[in-house]
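Participant: Sharing a model prediction with you, sequence too.
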Amino acid sequence: MNLPNQLTLLRIILILPFLLVLYLDVPYAEYIALAIFVAASLTDMLDGQIARKRNLITDFGKFADPLADKMLVTAAMLWFVEQGQMPAWALLIVIVREFAVSGLRMVASDQGRVIAAGWSGKVKTASTMVCIVLMFLPIPPVVGTACVAVIVAATIWSGVEYFVKNRDCLRDM
């Protein structure tokens, strides 16, 4: 297994200690969880850079990398829902968008097409990661509310963009 794939696997594995620290309520749990979240997020940037630079793009990486991102982000957002920092409907929007875009990609794949990550998807991912980091810090509630709004807006914007740009995939069904 090449280094980018190992980093992707590490990101998936880090979800367990991330959640354990939070649920076992160890001292400074949110700061430790934040450090784990940041480390896991950095593996995402690093594995992508290495894979592109060394031309190590694999089928495993194409499948596991976005899945690892979704698992990590969903784990953090589930925690925020439990803590009352994020409404469940906001998380539902994120999850529905992920399933919808994944479904669109499957339809496109059946047609011999690949839908690459768009600019709005990258903005959504980056803004979501920044907002999650902020939400682990002792911030005023208004900042947390703003973070949820940014996550929801970026999620909807990128989802709509994927479907508008690739609507011809759905017409061919």
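Facilitator: In hand now; what should we look at?
Participant: how many other residues sit next to residue 16?
Facilitator: Under the neighbour criterion other CB atoms under 10 Å, residue 16 is assigned a count of 11. All C-beta atoms are positioned from the backbone trio N, CA, C, and that covers glycine.
Participant: Contacts only, for it.
Facilitator: The contact partners of residue 16, by CB atoms under 8 Å, 6 or more residues apart in numbering, come to none.
Participant: all strands of the protein, in order?
Facilitator: Counting by DSSP state E, no segments of the chain form strands.
Participant: where along it do the helices fall?
Facilitator: Read by DSSP state H, the chain holds these helices, from start to end of the chain: 3-23, 29-53, 59-82, 88-110, 119-135, 141-165, 167-171.
Participant: okay, those helices in JSON lines with mean pLDDT next?
Facilitator: Converted to JSON lines, the helices of the chain look like this (pLDDT from 0 to 100):
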{"stretch": "helix 3-23", "mean pLDDT": "94"}
{"stretch": "helix 29-53", "mean pLDDT": "92"}
{"stretch": "helix 59-82", "mean pLDDT": "91"}
{"stretch": "helix 88-110", "mean pLDDT": "94"}
{"stretch": "helix 119-135", "mean pLDDT": "94"}
{"stretch": "helix 141-165", "mean pLDDT": "97"}
{"stretch": "helix 167-171", "mean pLDDT": "87"}
